[in-house]
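A.B. asks: coords below, sequence missing:
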Ligand code: FPP
């Protein structure tokens, strides 16, 4: 069962799957999956570009460039298995504030060229591109290309690729609380009536289900201010692999791992529920 707390569930029914287009190695993993229990939404913290480059005595920017190649490979595998939502953490607010200007400028140029070079392939793969984050603070020439790519892929009804750009989960919550407070003041809503659903409705992700699976590359066990509200019940998968080495097959491995998990959302599984005998009153001894 697909469950999502505090927001309406968005189930998308996608066109026929293109599993036959997976590589033979990918197909071998896909055959182990239960197609009825594929995640609806996978979100990825792409990490390790710099270390990938460092291990090869290359400049960091070459790691980012190789990372952009991985993005397209992973997007295409996602589209072949009909993954409805794929969200990639491509540029955080903290990256914007704390990285050297030269690296930030390079990432902005890389994003533009990624969009220009890949929109046609997105259309071939029925992928629609979207964005979350304080994107209005990005350079105007980047915003123009982002809008162009979003419009060029808007008719596609396959995988929605959402790039988190100039994104931070805490600032998303600040933006949501401000919008909600404005709405509440306008409608005269009493504060006690504000619910989880009201907060979800004002997040950048209001239109999508929460991620079922969050993947982080490069072996770091951190969430780095990514989708903090939305990942309340996500399964987390960490791989040692650096992002520039991550391919579609590794996405499928992460999904296979996800399918071996049991999601309980704070409840019990069926066996635990049926084993549970009433607890005798005498068990709790008053002090
Ligand atoms: C982390 O590597 C990754 C990023 C800063 C953001 C991800 C960017 C890309 C994958 C490249 C371009 C993306 C698109 C969509 C065109 P890091 O520099 O933090 O690596 P490190 O921790 O090894 O230093």
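C.D. replies: Alright, I've got the coordinates. These numbers come from a predicted model, not from an experiment.

A.B. asks: is it true that residue 72 touches residue 121?
C.D. replies: Yes - counting by CB atoms under 8 Å, residue 72 touches residue 121, with 6.5 Å between them. Using the backbone N, CA and C atoms, a C-beta is placed for each residue, glycine as well.

A.B. asks: Compare these two and say which is more crowded by neighbours.
C.D. replies: The neighbour comparison of residue 72 against residue 121 (other CB atoms under 10 Å) goes to residue 72, with 16 against 13.

A.B. asks: which SSE is the more buried one in?
C.D. replies: Using DSSP states H and E, residue 72 falls within helix 60-80.

A.B. asks: Distance from that helix to the middle of the chain?
C.D. replies: Centroid separation for helix 60-80 versus its chain: 15 Å, with CA atoms, centre = their mean, to the nearest Å.

A.B. asks: buried ones in that helix?
C.D. replies: Applying a neighbour-count criterion of 16 or more other CB atoms under 10 Å, one finds 60-61, 63-68, 70-72, 74-80 buried in helix 60-80.

A.B. asks: Find the nearest non-adjacent residue to residue 76, please.
C.D. replies: Of all residues not flanking residue 76 in the chain, residue 125 sits nearest, at 5.5 Å (CB to CB, 6 or more residues apart in numbering).

A.B. asks: how close does that neighbour get to the ligand?
C.D. replies: The spacing between residue 125 and the ligand, counted by CB to the nearest ligand atom, to the nearest Å, is 15 Å.

A.B. asks: just checking, that residue touches residue 73?
C.D. replies: No - using CB under 8 Å, residue 125 makes no contact with residue 73, being 11.3 Å away.

A.B. asks: Who are the contact partners of the residue nearest to residue 76?
C.D. replies: By CB atoms under 8 Å, 6 or more residues apart in numbering, the residues touching residue 125 are 75, 76, 79, 80, 158, 159.

A.B. asks: rerun at 10 Å
C.D. replies: Counting by CB atoms under 10 Å, 6 or more residues apart in numbering, residue 125 touches 18, 21, 72, 75-80, 118, 153, 156, 158-159, 161.

A.B. asks: With residue 261 instead?
C.D. replies: 212, 213, 235, 236, 237.

A.B. asks: what's the answer for residue 228, then?
C.D. replies: Contacts of residue 228 (CB under 10 Å, 6+ apart): 168, 169, 170, 172, 173.

A.B. asks: avg pLDDT for the helix holding residue 72?
C.D. replies: Regarding helix 60-80, the rounded mean pLDDT is 98.

A.B. asks: Now the common contact residues for residue 72 and residue 121.
C.D. replies: Contacts common to residue 72 and residue 121, judged by CB under 10 Å, 6+ apart, are residue 127.

A.B. asks: Around the closest residue to the ligand within the chain, count how many other residues there are.
C.D. replies: Residue nearest to the ligand within the chain: residue 50 (2.5 Å; CB to the nearest ligand atom). Each residue near residue 50 was counted by other CB under 10 Å, and the total is 22.

A.B. asks: Help me confirm that it comes into contact with residue 59.
C.D. replies: Yes - between residue 50 and residue 59 there is a contact at 9.5 Å, judged by CB atoms under 10 Å.
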